[in-house]
Each structure stands twice: as structure tokens, then as C-alpha cells.
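Participant: Next input, structure requested:
(4 chains)
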2 protein chains.
Amino acid sequence: MPEYVPMNLAPLAQQFVLHFGEMGSRWGINRTVGQIYALLFISPRPLCADDIVEALDLSRSNVSMGLRELQGWNLVLPRHIADDRRDHFTTPADVWQILRTLAEERKKREVDPTLSVLRELLMQKPGNDEDRFAQSRMAEMHGLIEQLTTWYDDIRKLESERLVTLLALGARVTKFLDIKDKVVTLGRGRSGRKT
Amino acid sequence: MPEYVPMNLAPLAQQFVLHFGEMGSRWGINRTVGQIYALLFISPRPLCADDIVEALDLSRSNVSMGLRELQGWNLVLPRHIADDRRDHFTTPADVWQILRTLAEERKKREVDPTLSVLRELLMQKPGNDEDRFAQSRMAEMHGLIEQLTTWYDDIRKLESERLVTLLALGARVTKFLDIKDKVVTLGRGRSGRKT
DNA sequence: CTCTAATTTCAGGAATTACTGTAATTGCCG
DNA sequence: CGGCAATTACAGTAATTCCTGAAATTAGAG
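Facilitator: The predicted structure is shown next:
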């Protein structure tokens, strides 16, 4: 339903903001939080809460809660503006930095808790065969997540330029490994791993 | 609130199932869908809807809807069982395959729509300077997503063993590039790219 | 310290999403 | 074709999440 939404926004900006609002629910944030983020992302200068109220026609307190949530995700930063007592907010300029933040926060919320539960459950003694099977499945899942997070820990420190290079290389990396697969041991800091 | 939940499940399985239920909301699925998936994941044999009703104490129709949703995600597959008219369901055995499916489906739901909206908005003529700035931001976002999806398209075809190797290599790949960064052009199928 | 602008908290109501039981449908078997 | 088991659609209700306006709090300026 294309419910009427009075926004004081240029058409391009408005379409962008509305899209982020709609996607919000799929991304685990709500509509207004999505809209606030989108607005800040495309804004050429930091905005204060009242600017956002005006642009998106939300209540003042809703904007306050939305900004708080976005700050909790480190996706929005307070930025002081000279000669204005009101807080202003921006999104970081570098989109690759934004990606890193997003990855970090989603990992923290969406995978770390599961990893720790899995570790705990794998410590318990199985009561019967069903349990034993269940634990073997949990072990597989645990192994996969560990592998992914180890890789992520390795990758996340890369500065943007490097990361782009690595992405551009993509799957072609494995071509190397065919020819010369001892390289896997090349720059290893720590000693042997289980697998 | 640790609301009373009568599940007919071994303690280990129950803890796992409850955890998936709680995480469900963070993952964009609801509690019961999370629980159903968890149960199938650790079950040594395919289960039918009634088994799930029994194990999790949900209504029959709720289970039906949950299974439908999980099938929509390709995370759960119907599996016919001899001499039983009822449909039975499993999760795929290979966790790496599950990861691939998950990535595929999340991309389809969470990034593709945004990519296409961005493309569309970038075609439009800006009405003023604000629009021009907004478009430059959208172009940055678009570039990032394109880069990621290109990489993903490259990676997703790898069979599990290769993928594991690539993950294990991690950031060390870039060490190579320092020494010999012409390799970037090695196996390129298509001609030059913008960046 | 007081006054005022800015922000946040919070309780209640609105909107959305999830769940249930019943009724309808499907499809297999004789 | 019935007849029966299994599944699904759906409407009503329960639960959750979201949003608002009013009241409380915070913080700077004078």
C-alpha cells in the first residue's frame, strides 16, 4: 500500500530513503531507522535531529531512538557543529569502512552468541545416541563458523585498497594453489592448526 | 522470561533448539522457524510434520507454515520415506553447502533489490546540487556492492574443499601481490574494468 | 543558580507479525 | 468415484514491535 508520506526531500533522495525504509525489515532494523540512515548517508553535511524530523516527518522521540540505535551499531557518528548547541550526526565517508563496521556488528550480534553456545554444548556429555549424533552436527557447524571467523579476523585488518585487490583476485587465487600449494604455509605466524 | 516450554527432547537438543529460536529474530526469521530448522539440523533422520509438532509443541498449521518458509529458503528439503504417505524433511548434510545456500538466499533478498534500485537512481538526472551529491554517494555504494557481488559470483562456484583452502589462506594472499602484483591479470576472462 | 533549549525516557496506543483451530483442499487407495 | 489421511488456507486472536506525546532530565548561557 503506497500510504501517503509527506517528506520534504528531493525526489531522488526520497526514492533512496523510501527504499532503505522498506529494506529495513529485511536487514533487521525497522523502517524509520533505515530511513534515518539513508538520509544521513546521502546528506552533504551533518544533520541534527530536527532536520531529520522535518525531512522524514517522524516524531522527535522516534528520531532520538533511531539515532541511538544507529550509534549503537557505530553506523552513525555525532559531529559537533560550531555555534550550534544541537547534536549533529553523519555517516562515515568511506564506504569500505562502513562495510567493515557492518560486518563487525553483525558478527557480534548474529554469530558470536551461537559460537559460544556451540562451544558450551560440545563440552557436555551426550546422554544417548541421539545426543551423540546431534553433537556431531553441532561440531560440523562449529567448525564451519570457526573457519569463517578465523578468515574474517585475518581479512578485517586490511586497509581498503588491499581489500579491493583481494576481492578482485577472487577465486583465481586457487589457481596458484594448484601449481604450488605449499604456499599455504608461507607467512604463518602461529603453529599447526587442527585441520 | 523463561516461559515454560514443554519439549519432548533430550536436554542437549533442547538447548540447541531453544538457542536457534532466540536467535531467529536476529536472523530475520521467527522463533518457531528457527526451532524447526535447528531440530531438523540435528536430527539423524528426516522428520515429518507430526514429529515436529510433538518435539516442539507447536500447532500443526504453524509447523506447516514454518516448513514452507524453510523450503522457500532452500534450507530444508522434502525427502520421501518408504511406506509412509506423510512428507518428511531434512537439512542438507554438507554444512558448506548450507552456507552457500544461505549466502545465495540472503543476497537475493537483502542485496539484489538495493543494487537494482541504485542502478535505477543513478540513471536519473539530478535536479540540483543536493541530488548531485546524493548520487555520488549512491555511486560509491553501488561500486562497493558490485565489487562484492562480482567477488561472490567468482567464489560461489568453488567446491567446498577449495573454499576451505581459500579461507585458510586468508589475508596472506596479499603478501604475494606485493612481490608480484602482475598476477592480478593472470586468468582474467574479460577485458579491463573501470578501476 | 536560574532559565531555557535540547534530548531522553516512558507509558499507552497503533500497527505489525506470529500463532491457533477450524474448515477447505489435495491426493492416494481401494 | 467414495473415503480417508495429510496438508494447507484462512480468519480470528495473541503477542510483539513500533511510534507518539507528555513528562522528566540534561546541559549550556547568562
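
Participant: I'd like the average pLDDT over the longest helix anywhere in chain A.
Facilitator: Ranked by residue count under DSSP state H, the longest helix found in chain A is helix A:129-155. Averaged across helix A:129-155, the pLDDT comes to 96.

Participant: got it, and stretch A:67-80?
Facilitator: Stretch A:67-80 shows a mean pLDDT of 96.

Participant: for stretch A:167-185, same thing?
Facilitator: Taken as a whole, stretch A:167-185 has a mean pLDDT of 64.

Participant: How about residue A:164: what's its closest non-neighbour residue?
Facilitator: Excluding the flanking residues, the one nearest residue A:164 by Cβ to Cβ, 6 or more residues apart in numbering or on different chains is residue B:147, at 6.6 Å. Backbone N, C-alpha and C define where each C-beta goes, glycine included.

Participant: go on, residue A:109?
Facilitator: Closest to residue A:109 by Cβ to Cβ, 6+ apart is residue B:26, at 5.8 Å.

Participant: Surely the one you found forms part of a helix?
Facilitator: Yes. Residue B:26: assigned to a helix according to DSSP: H, G, I helix; E, B strand; the rest coil.

Participant: Now residue A:127, what are its backbone angles?
Facilitator: Note on residue A:127: its backbone torsions stand at phi -90, psi -20 [degrees, to the nearest 10].

Participant: Need the pLDDT of the residue nearest to residue A:109.
Facilitator: Looking at residue B:26, the pLDDT reads 92.

Participant: dump the residue contacts of it.
Facilitator: Contacts for residue B:26 were tallied using Cβ atoms under 8 Å, 6 or more residues apart in numbering or on different chains; they are A:28, A:109-110.

Participant: who's in contact with residue A:142?
Facilitator: For residue A:142, the contact set (Cβ under 8 Å, 6+ apart) comprises A:115, A:118-119, A:122.

Participant: circling back: the residue nearest to residue A:164 is in contact with residue A:165, isn't it?
Facilitator: No. Using Cβ atoms under 8 Å, residue B:147 makes no contact with residue A:165, being 10.8 Å away.

Participant: The two: who's more crowded?
Facilitator: residue B:147 (18 against 15; other Cβ atoms under 10 Å in any protein chain shown).

Participant: which element is residue A:40 on?
Facilitator: Residue A:40 belongs to helix A:31-42 when assigned by DSSP states H and E.

Participant: on that earlier part again, could you export the contacts of residue B:26 to TSV, including columns for neighbour count?
Facilitator: Converted to TSV, the contacts of residue B:26 look like this (neighbours: other Cβ atoms under 10 Å in any protein chain shown):
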residue	neighbour count
A:28	15
A:109	14
A:110	14
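
Participant: residues in contact with the most far-flung residue of chain A relative to its centre?
Facilitator: Distance from the centre of chain A peaks at residue A:128, with 39.4 Å (Cα atoms, centre = their mean). For residue A:128, the contact set (Cβ under 8 Å, 6+ apart) comprises residue B:10.

Participant: and the gap between it and residue A:134?
Facilitator: Remark: distance between residue A:128 and residue A:134 (Cβ to Cβ, to the nearest Å) = 10 Å.

Participant: Ok, residue A:70 next?
Facilitator: The gap separating residue A:70 from residue A:134 is 39 Å, by Cβ to Cβ.

Participant: again with residue A:20
Facilitator: The gap separating residue A:20 from residue A:134 is 40 Å, by Cβ to Cβ.

Participant: So between those two, which is more surrounded?
Facilitator: residue A:134 (26 against 23).

Participant: Please report the number of neighbouring residues for the residue lying closest to that one once chain neighbours are set aside.
Facilitator: Once flanking residues are discounted, residue A:134 sits nearest to residue B:42: 3.9 Å by Cβ to Cβ, 6+ apart. Residues near residue B:42, counting by other Cβ under 10 Å, number 24.

Participant: do the one 4 residues further on as well
Facilitator: The tally of other residues near residue B:46 (other Cβ under 10 Å) stands at 19.

Participant: and it, what does it touch?
Facilitator: B:40, B:79, B:81, B:88-90.

Participant: how about the strands in chain A?
Facilitator: Under the criterion DSSP state E, chain A contains strands at A:47-48, A:77-79, A:88-90.

Participant: one step back: among the contacts of residue B:46, which pair sits farthest apart?
Facilitator: Pairwise distances across the contacts of residue B:46 peak at 13.9 Å for B:40 and B:81 (criterion: Cβ to Cβ).
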